[in-house]
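> predicted model and sequence follow; I will ask about them next.
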Amino acid sequence: MIQRIQSIWLFLAAFVSAALFIFPLYHYTPAGSAIPMLMGAKNEYLLLLLAALMTLLPMITIFMFKNRKRQKSLIWLCILASAGFIAAMLMKIQGLKNAVPPATNDNFALPGPVIPVLTIVLLVMALGGVRKDEALIRSVDRLR
């Protein structure tokens, strides 16, 4: 059923993940340049792929309500994609810092880097909702 609480958490996770395409992740100035640059999910192919996965998987998972086992596995896959996004983002930023010559005036552009963490929190809450549904179904089956 689409009215379950995990559907709301999954929708919010997809909505928040879609914000990765709007907000930049990192500000920096390349060495030898006076023009500041922005690193975002739209600029890097790996980040773009992971951000698309983080946005689409929760929306697909909403409609898997009849198969709770598959729904849980898709939520875990989305959590892994979010963790992968964080790792890839940090690797790209570390690559900018270790470049020869290194980038200057670099800092994180909030709220961009916080979005994957918030997505993980929302997905964990959705996972809790699926587990509560499973417990409810088991208790109803015991009464029969």
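Looks like it arrived, so ask away.

> please, where are all the strands along the chain?
26-29, 37-39, 104-108 (DSSP state E).

> quick check: buried residues in the helix or strand bottoming out on mean pLDDT in the chain?
Here the helix or strand of the chain ranked lowest by mean pLDDT, DSSP states H and E is strand 104-108, holding a mean of 81. By 16 or more other C-beta atoms under 10 Å, the buried positions in strand 104-108 come out as residue 106. No exception for glycine: its C-beta is placed from N, CA and C like everyone else's.

> so what's residue 112 up against?
When contacts are counted by C-beta atoms under 8 Å, 6 or more residues apart in numbering, residue 112 touches 20, 23-26, 40.

> for the residue lying closest to residue 60 once chain neighbours are set aside, which residues are in contact?
Distances taken as C-beta to C-beta, 6 or more residues apart in numbering place residue 74 nearest to residue 60, at 6.7 Å, with adjacent residues excluded. For residue 74, the contacting residues are 57, 60-61, 64, by C-beta under 8 Å, 6+ apart.

> could you do residue 25 as well?
Residue 25 touches 38-41, 47, 89, 93, 108-109, 112-113, counting by C-beta under 8 Å, 6+ apart.
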